[in-house]
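Asks: Fold the following, please.
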Amino acid sequence: MAKNTVVKKPSKFYVFSKMSAGVTYNDYADGGADLPVIVRKVTIQGGAGIANKNLITPLGVMTEVDADDMEFLNRNGIFQQHKKNGFIAVEAQKAEVEKVVADMAGDDPSAPMTPADFIGQKGPKPSGVELDS
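Replies: Numbers count the residues shown, from 1 in each chain. Sure, this is the predicted structure:
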């Protein structure tokens, strides 16, 4: 007779983001006068490609969420779209951000432009942009 094994669900999850801005995913319920009210908010931090106060530009950021929030995010259509597009990855164990985001999609469309964005572009370039030939 096989022993009963209990599979323990992780109590924490780690959401890795390559988005430039943080995103708050909301859950709504019916309110009075047919106006929806927010009943839950989960914010996934952004900041990939944005220099911080120490002038360090991270390739991605990590946000820790609990199991209940992760269950909500897995039902959220916008969160799922961000995952599908490669801007979000979820891990059950903490890991180095740079290792996880290395295989993810490139910059999200809201990322600031860099000199590399002007390579091959005809016409004038913004002042101060120098491109290696």
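
Asks: and residue 124, helix, strand or coil?
Replies: Classification of residue 124 using DSSP: H, G, I helix; E, B strand; the rest coil returns coil.

Asks: Just give me the neighbour total for it.
Replies: Look at residue 124: counted by other Cβ atoms under 10 Å, it has 8 neighbours. Glycine gets a C-beta too; all of them are placed from N, C-alpha and C.

Asks: For the protein, which segments count as helices?
Replies: Using DSSP state H, the helices found in the chain span residues 67-75, 77-84, 97-101.

Asks: for the longest one, packing partners?
Replies: It stands for helix 67-75. Contacting helix 67-75 under the criterion 3 or more Cβ pairs under 8 Å, 6 or more residues apart in numbering; DSSP states H and E are the following elements: strand 12-17, strand 23-30, strand 36-44.

Asks: Could you dump those into a markdown table and include mean pLDDT and mean neighbour count?
Replies: Listed next are those as a markdown table, based on pLDDT from 0 to 100; neighbours: other Cβ atoms under 10 Å:
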| stretch | mean pLDDT | mean neighbour count |
| --- | --- | --- |
| strand 12-17 | 96 | 21 |
| strand 23-30 | 94 | 13 |
| strand 36-44 | 95 | 14 |
